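J.: Structure of the sequence below:
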Amino acid sequence: MPLVIEARPTPVSPPEGWQVSAQAAPCRLVHLTVFDGLPQEQASLVPDVDQTLPAGRGLLSWMLTPVSAEGSWVALGYSCKTLVLSRPLPPGAQAFRVSYDARQRVEDMPRILRAEVQLAAPGPAGPLR
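T.: Residues are numbered from 1 along each chain as shown. Next up is the predicted model:
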């Protein structure tokens, strides 16, 4: 899962007399949403677990039992506001977990540290890339 990406806004045609310069600041992941089906269908899922951990950390967890034929999807929202990345979770995904640090903030949201998907097959969970 990309925690930071580079994105540069480029207007199609700037107003006359104006010059365009792109900011070099990276776009940081500020929120994510898990969906049953395509994100544009707006069937967002509420975490099954919202656990507070020591040292300001937290854990969100979704148990995945997709109803939609499209399966489960995740959408990532970034600090550059106009950028959202989304993709389906792998077939056989049973759970999705996000760890965060509530003491560190990005765009007034807790800093996301890691997101991982747990597959039906035995074995450890792996990060979403």
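J.: Any idea how far apart the tips of stretch 61-81 sit?
T.: This stretch, stretch 61-81, spans 24 Å end to end (CA to CA, to the nearest Å).
J.: Equivalent analysis for stretch 17-36, please.
T.: From its first residue to its last, stretch 17-36 covers 47 Å (CA to CA).
J.: List the buried residues in it.
T.: The neighbour-count criterion (16 or more other CB atoms under 10 Å) identifies 27, 28, 29, 30, 31, 32, 34, 35, 36 as the buried residues of stretch 17-36. In this view, the C-beta of every residue, glycine as well, is placed from N, C-alpha and C.
J.: How about stretch 66-80?
T.: Result for stretch 66-80 [16+ other CB under 10 Å]: buried residues 66, 71, 72, 73, 74, 75, 76, 77, 78, 79, 80.
J.: Closest to residue 61 out of the buried residues of stretch 17-36?
T.: Ranked by distance to residue 61 (CB to CB), the buried residues of stretch 17-36 are led by residue 34 at 10.0 Å.
J.: so what secondary structure elements neighbour the helix or strand hosting that closest one?
T.: Per DSSP states H and E: residue 34 is located in strand 27-36. In this structure, strand 27-36 makes packing contacts with strand 4-5, strand 72-78, strand 93-106, strand 109-119, judged by 3 or more CB pairs under 8 Å, 6 or more residues apart in numbering; DSSP states H and E.
J.: From the buried residues of stretch 66-80, pick the one nearest residue 55.
T.: residue 79 (23.8 Å).
J.: my read: that closest one touches residue 105, true?
T.: No. Look at residue 79 against residue 105 with CB atoms under 8 Å: they stay out of range, at 10.9 Å.
J.: that older thread, what's next to the strand holding residue 34, contact-wise?
T.: Outside strand 27-36, the residues within contact range by CB atoms under 8 Å, 6 or more residues apart in numbering are 1-7, 39, 41-45, 47, 62, 64, 66-68, 72-80, 83, 89, 96, 98, 106-107, 109, 112, 115.
J.: Going by contacts, tell me the helices and strands next to the helix or strand following it.
T.: Using DSSP H and E, the next helix or strand after strand 27-36 towards the C-terminus is strand 49-52. Other elements packing on strand 49-52 under the criterion 3+ CB pairs under 8 Å, 6+ apart are strand 57-63.
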